[in-house]
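Chemist: Okay, here's the prediction I keep looking at, along with the sequence it came from:
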Amino acid sequence: MPRLKTVQSKVTKSPRRPFEKERLDQELKLIGTFGLKNKREVWRVKYTLAKVRKAARNALLRRLVKIGVLDETKMKLDYVLGLKVEDFLERRLQTQVFKLGLAKSIHHARILIKQHHIRVRRQVVDVPSFIVRLDSQKHIDFSLQSPYGGGRPGRVKRRTLRKGDGAGGDDEE
């Protein structure tokens with residue numbers, strides 16, 4: 001029978017400094033407390049914890065870059081700790097609609113969003129607190145059904161058009 005190939009990877013990482021007093025004492029205490037066989041078991045758990053921490057750190061940084069709160073050149077935890085409330089408020093749909101010039105004021109932007117006039121890509125969004133990602137930012141515009149976006153005109157506009165057509169027809173006859 002042929003052997004099955006298995007993927008093997010390291011499960012432990014030995015310490016950088018082999019004779020560090022504090023670390024040796026801490027490892028010995030862990031071995032006694034949890035009944036471990038040797039220090040390799042401690043190192044295995046430390047290595048697993050380090051991998052989990054690294055994955056969590058990278059996931060957090062990638063997510064913050066994706067929503068545009070953090071710059072790609074500043075992918076360090078120090079910059080994450082320095083973030084302000086304003087950085088997140090800048091990424092809201094309400095703020096983005098106002099900054100793009102689709103609304104006259106920040107309050108008008110909120111009204112446009114709540115009244116289903118704004119879409120992000122093909123999806124109409126009616127939540128002003130929607131966090132806009134960097135790749136979606138250039139796809140913010142008026143929805144196709146909105147009077148602002150070339151859809152059916154509103155009630156007053158239709159009424160004035162109807163009056164104009166009625167008056168124009170009477171003058172020609």
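Modeler: Yep, it's here.

Chemist: Could you break the protein into its assigned domains?
Modeler: Split into domains by automatic domain parsing, the chain comes to 21-80, 85-149.

Chemist: Pull up the distance across the first one, start to finish.
Modeler: Okay, so that is domain 21-80. 34 Å (C-alpha to C-alpha, to the nearest Å).

Chemist: gap between that domain and the chain center?
Modeler: 23 Å (C-alpha atoms, centre = their mean, to the nearest Å).

Chemist: Please apply the same query to the longest one.
Modeler: Using C-alpha atoms, centre = their mean, we find the averaged C-alpha position of domain 85-149 to lie 16 Å away from the chain's own average C-alpha position.

Chemist: all strands for this structure, in order.
Modeler: 118-120, 123-124, 140-142 (DSSP state E).

Chemist: winner for burial among those?
Modeler: strand 118-120 (a mean of 22; mean count of other C-beta atoms under 10 Å). In this view, the C-beta of every residue, glycine as well, is placed from N, C-alpha and C.

Chemist: neighbours around S146, how many?
Modeler: 19 (other C-beta atoms under 10 Å).

Chemist: Return the distance of it relative to G154.
Modeler: Distance, S146 to G154, by C-beta to C-beta, to the nearest Å: 10 Å.

Chemist: Next, the contact list for D126, please.
Modeler: I113, K114, Q115, H116, I118 (C-beta atoms under 8 Å, 6 or more residues apart in numbering).

Chemist: export these to TSV and tack on pLDDT and distance to T73?
Modeler: As requested, the contacts of D126 are exported to TSV (pLDDT from 0 to 100; distance: C-beta to C-beta, whole Å):
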residue	pLDDT	distance to T73
I113	97	31
K114	97	36
Q115	96	39
H116	95	37
I118	96	31
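
Chemist: now, which of the residues you listed sits nearest R92?
Modeler: I113 (9.7 Å; C-beta to C-beta).

Chemist: you'd agree the closest one is up against Q96?
Modeler: No: using C-beta atoms under 8 Å as the test, I113 is too far from Q96 to be in contact (10.0 Å).

Chemist: what about those two, which has more around it?
Modeler: I113 (25 against 22).

Chemist: tally of neighbours for the closest residue to R23 other than its chain neighbours?
Modeler: Of all residues not flanking R23 in the chain, P15 sits nearest, at 6.2 Å (C-beta to C-beta, 6 or more residues apart in numbering). P15 has 14 neighbours, counted by other C-beta under 10 Å.

Chemist: got it, and D165?
Modeler: For D165, using other C-beta under 10 Å, the count is 10.
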